[in-house]
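Participant: here is my input; please provide its structure:
(one chain, ligands or ions: 1)
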Amino acid sequence: MPHDLFDNAVFDPDTVQMMGEVFDAVWTRIEPDFRHLNARKLDSVRVALAGAVLAYTRLGLRDPLVLRAMASCRRKASPLFARSCSPTEQPSVTRVHIRGTRGETKMKTSSKIRYDLSGQIAIVTGASSGLGRATAQALAEAGALTIVNHPPKPSSDAKAAAVVAEIEASGGQSVAIAADVSKEDQVNAMVAEAVRRFGTVHILVANAGIERPAAIQDMSLADWQAVIDINLTGAFLAARAATREFLRRGAVPTLSTATGKIIFTSSVHEVIPWAFQANYAASKGGLAMLMRSLAQELAPMKIRVNSVAPGAIRTPINREAWQTEAARNDLLKLIPYGRIGEPEDIARAVTWLASDASDYVTGVTLVVDGGMTLYPAFRGQG
Ligand code: BGC
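Facilitator: Here you go, the predicted model:
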């Protein structure tokens, strides 16, 4: 029945189908909260949801009216938007005064912490495996509709589809969008598609990264270029496209105090030199200054830019370093905390940086490495 509401000459068939999908996805999730209602009341809830989807699609997230209405519904703990949050996890009501986009922002201090990302749209690049996958899952768990970016190749299509399915199975919202992050047109097209389908983007996690180890005398220009293109140029392209969208949309204080949040996946090798991986270390060193420069440039526009610097995390990229017992023991000598990191260690840090819980944090690299950057070889030495 509510699908009929969408069958309107105003919308093209793709949009009608998209609205139907959004309606079904949300309804599946919230329906258990309404089982106690009689058929008539249930119908009115479905019509209300259809109206919300319709307004969202028609006006898009770019319309502050829609956002304010949605956020106010959420604050009133309307089951439509409250998802599975327990009352104690509801965001605190924080008054924010914005005087113009570049003006002073005052945030009333509150002891309650705002981790909730409901209503926000996040893009995670390189999310079909490893850190990106765990990060996409964590952001979706925190309530963000999460776009799983992956390289445009068949093997990645299947992996990205699996990540989307995992997120949806645990009650989150997600779609996959293929794009080679090193290609300007593909990155711009990815962000444009996100805006077309979901209205805007609030969070970018520029995570895609590769390694091409070689001794410097044997390192081909292609090895150098591939790593710089994906790890550094890819981060620049994604950050630029996201920033353009943040500025176009402007502030929506009911969703987040910041107009946008950018988080780069850096590495401990933004500070630790790495023999035989000069291309990789150079890309991460470059990322450190890209991040700090953008943070300085964009803070007046209320866009926060930070990095997470993982140490040795158990992912496919460094399988050789942890797969055998001998390799693992060698690796553990570099980690004072005595364990190899798990992707979720990184995902939690990224989620914090994406949320208003870190609202006063910009221009920092949050090192998540079990102490690797503490140079443990110097313990009792030197
Ligand atoms: C690299 C891993 C490495 C870790 C610590 C990360 O940035 O991607 O391969 O294990 O740094 O050296």
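Participant: how many neighbours does the nearest residue to Phe236 once chain neighbours are set aside have?
Facilitator: Among residues not flanking Phe236 along the chain, Leu290 sits closest, at 6.2 Å (CB to CB, 6 or more residues apart in numbering). Bear in mind the C-beta positions are built from the backbone N, C-alpha and C, glycine included. By the criterion of other CB atoms under 10 Å, Leu290 has 21 neighbours.
Participant: next one: the one 5 residues further on
Facilitator: The local packing of Ala295 (other CB under 10 Å) involves 19 other residues.
Participant: if we look at the helix or strand containing it, which residues are touching it?
Facilitator: Assigned by DSSP states H and E, Ala295 falls within helix 278-298. For helix 278-298, the external contacting residues (CB atoms under 8 Å, 6 or more residues apart in numbering) are 209, 211-214, 216, 219, 223-224, 227-228, 231-232, 235-236, 239, 243, 262, 264, 266-267, 269-274, 304-307, 309, 362-363, 365.
Participant: which SS class is the closest residue to Val195 other than its chain neighbours?
Facilitator: Distance criterion CB to CB, 6+ apart; nearest residue to Val195, sequence neighbours excluded, is Glu245 at 6.0 Å. Under DSSP: H, G, I helix; E, B strand; the rest coil, the three-state class of Glu245 is helix.
Participant: any idea how far Glu245 lies from Thr200?
Facilitator: The spacing between Glu245 and Thr200, counted by CB to CB, to the nearest Å, is 6 Å.
Participant: over to Ser267?
Facilitator: 30 Å.
Participant: for the two, work out which one has more neighbours and name it.
Facilitator: Legend: neighbour count by other CB under 10 Å for Ser267 and Thr200, higher for Ser267 (29 against 22).
Participant: residue contacts, the more buried one?
Facilitator: Gly209, Tyr280, Lys284, Ala309, Pro310.
Participant: switch to 10 Å and redo it
Facilitator: 209, 211, 231, 274, 277, 280-281, 283-285, 287-288, 307-311, 313, 365, 367, 369 (CB atoms under 10 Å, 6 or more residues apart in numbering).
Participant: for the ligand, tell me which of those residues show up nearby.
Facilitator: Glu211, Pro310, Gly311 (CB under 6 Å from any ligand atom).
Participant: neighbour-wise, which of the residues you listed leads?
Facilitator: Among the ones next to the ligand among the contacts of Ser267, Pro310 has more neighbours than the rest - 28 neighbours, counting by other CB under 10 Å.
Participant: and the chain, what are its domain boundaries?
Facilitator: Domain assignment of the chain by automatic domain parsing yields the ranges 2-59, 121-377.
Participant: and the end-to-end length of the last one?
Facilitator: Pointing back at domain 121-377 there. End-to-end distance for domain 121-377: 43 Å, by CA to CA, to the nearest Å.
Participant: now find how far off-centre that domain is within its chain.
Facilitator: 8 Å (CA atoms, centre = their mean, to the nearest Å).
Participant: change the start of the numbering to 50 and stick with it
Facilitator: In the new count, where the first residue is 50, that last one comes out as domain 170-426.
Participant: so for it, mean pLDDT?
Facilitator: Model confidence over domain 170-426, given as mean pLDDT, is 97.
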